[in-house]
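Engineer: sequence plus the predicted model coming up.
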Amino acid sequence: MRNFINISDIPKKELRLILDNAKSRKEKRSDLNKNAIDPDAPLNGKILVMIFEKLLSTRTRISFDLAVKQLGGKSLILNPDEIHYGSGNESIYDTGKIISLYADIVMLRSTHKNLVKFSKHLDIPIINGMTDLSHPCQIISDILTFEELKGPIKNKKIAWLGDGNNIVYSLIEAAVQFDFKLCIACPKNYKPKKNILQWAKKNKGNISVIKDPMKAVSSADCVMTDKWISMSDKTNKNKKKKALKPYQVNKKIMNASNKDAIFMHCLPASRGEEVTNEVIDGKQSAVWLEALNRIHVQKSIIEWCLNN
C-alpha cells in the first residue's frame, strides 16, 4: 500500500514514473471525449472516496472525479458534516476501518495533522488533496505542464513571488526531487518556515529566498504565484495585502524574466492582486493547461497508489 502525502516521501524514480505515466495516458486519449473510459480501464470495479473538510473545491474535486471515471472506476464525494468523520460519537480509528471496507482508495482535503493521523487508521491508500502545509498533486501537475511546454525541468529556474504558503512547501520539495532551481521572493514576515528550508538545504536543494522580486525572476523559465489570502488564512488581510503588493506578477515582472518564460498559477486567482489580467490572460500564461493537467496527474497518482 502506497500513500501520496508528501513529494519528499517519494523516491525520485517513482515521481518520474508518475509523471511519465500521466504524459502517456494524456497522449493516448487525445482522440477520446471527456467522458470516455481509457481502453485498459485499470480501475474497473474500484471506488475512490473523497472527503473535503474544506468544502470549497473546483479543480481538485472535478479532476479527481473525472480521473477515476476515465480509469473505469467510481467516486463518492463526502462532506464531513454528513458522516461521522472527526465527530465525537465515532473515533477516527473506527471511521478509517469502515471506509477501508467500503472503498479502495481515499482522497482527503484537511489539515496536515488530521491527514497524517487519519492515514494511520486506514487499510487502503490515501492521497493528499491539499492541506495547510502542502499541495503535492498541484505541483506534480505544474511540472507536467512545464515539461510539456519547456522540456525537462532539471536545472531550469522557477521563480515564486508572494506568500510562502502550502504551495511553496510542495514546490520546495519538488525542487529537491526534480533538481530544478527555485528562487522565492517574499517579504520577511511571509517566508516559508525554517524547517522546510533546512530540509531542502540538507538534501542539497538549489533554493534561495530573497526580498527583491525583480532579481528573483531574472533568467527565470517560469514565474509562479498564488492567492495572497488563502481559505484558512487568519492573518490581518489588509496588512498582508499591503506587504505583498510589490510581488504582484505583472507585465514588468514577466519582461524581467526569460523572453520565453511561462506563467503559472494554481488557481483560483484574485485578479488585480497577485496577478494582472494582462499576464493571466496573456500569451505566456499556462494556467488553463495547468488546470487541465490535474486530471492526467490525478489518474497517474491513483494508479501509482494502487499498483503496489
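Structural biologist: That came through, no problem. It should be emphasised that the depicted structure is a prediction, and the values quoted were computed from it without experimental measurement. Numbering: from 1, shown residues only.
Engineer: now residue 27: how far from residue 96?
Structural biologist: Applying Cβ to Cβ, to the nearest Å, the value for residue 27 to residue 96 is 37 Å. (Each C-beta comes from the backbone N, C-alpha and C, glycine too.)
Engineer: which of those two has more residues huddled nearby?
Structural biologist: Neighbours around residue 27 and residue 96, counted as other Cβ atoms under 10 Å, are more numerous at residue 96. The numbers are 21 against 9.
Engineer: that one and residue 117 touch, don't they?
Structural biologist: No - under the criterion of Cβ atoms under 8 Å, residue 96 is not in contact with residue 117, lying 9.4 Å apart.
Engineer: isn't there a helix covering residue 118?
Structural biologist: Yes - the assignment for residue 118 is a helix, going by DSSP: H, G, I helix; E, B strand; the rest coil.
Engineer: my read: it touches residue 92, true?
Structural biologist: Yes - applying Cβ under 8 Å as the test, residue 118 and residue 92 come out as touching, 5.8 Å apart.
Engineer: out of those two, which sits in the busier spot?
Structural biologist: The neighbour comparison of residue 118 against residue 92 (other Cβ under 10 Å) goes to residue 118, with 21 against 17.
Engineer: and the more buried one, what does it touch?
Structural biologist: 92, 95-96, 108, 110, 126 (Cβ atoms under 8 Å, 6 or more residues apart in numbering).
Engineer: break down the stretch 1-150 of the chain into its strands, ranges please.
Structural biologist: Assigned by DSSP state E, counting those that start in this stretch, the strands in the stretch 1-150 of the chain fall at 47-52, 74-78, 105-109, 126-128.
Engineer: in JSON lines: the ones you listed, plus mean pLDDT, distance to residue 3 and mean neighbour count.
Structural biologist: Shown next, in JSON lines, are these (pLDDT from 0 to 100; distance: least, Cβ to Cβ, whole Å; neighbours: other Cβ atoms under 10 Å):
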{"stretch": "strand 47-52", "mean pLDDT": "97", "distance to residue 3": "14", "mean neighbour count": "22"}
{"stretch": "strand 74-78", "mean pLDDT": "95", "distance to residue 3": "18", "mean neighbour count": "16"}
{"stretch": "strand 105-109", "mean pLDDT": "97", "distance to residue 3": "9", "mean neighbour count": "26"}
{"stretch": "strand 126-128", "mean pLDDT": "98", "distance to residue 3": "5", "mean neighbour count": "26"}
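Engineer: reformat those into TSV and put distance to residue 63 next to each item.
Structural biologist: Shown next, in TSV, are those (distance: least, Cβ to Cβ, whole Å):
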stretch	distance to residue 63
strand 47-52	11
strand 74-78	11
strand 105-109	10
strand 126-128	12
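Engineer: so which of those strands gets nearest residue 308?
Structural biologist: Proximity to residue 308, assessed across the strands of the stretch 1-150 of the chain by Cβ to Cβ, is greatest for strand 105-109 (11.3 Å).
Engineer: contacts made by the helix or strand where residue 172 lies with the rest, please.
Structural biologist: In the assignment (DSSP states H and E), residue 172 maps to helix 166-178. For helix 166-178, contacts defined as Cβ under 8 Å, 6+ apart pick out 6-8, 10, 12, 15, 130-136, 138-140, 142-143, 153-154, 158, 160, 180-182, 184, 192, 196-197, 199-200, 203-207, 224, 226, 230, 266.
Engineer: for the helix or strand of the chain with the lowest mean pLDDT, buried residues please.
Structural biologist: The least trusted helix or strand in the chain, going by mean pLDDT, DSSP states H and E, turns out to be helix 92-102, with a mean of 93. Residues 92, 95-96, 99-100 are the ones in helix 92-102 that count as buried (16 or more other Cβ atoms under 10 Å).
Engineer: what do you get for stretch 177-191?
Structural biologist: By neighbour count on 16+ other Cβ under 10 Å, the buried set for stretch 177-191 is 177-187, 190-191.
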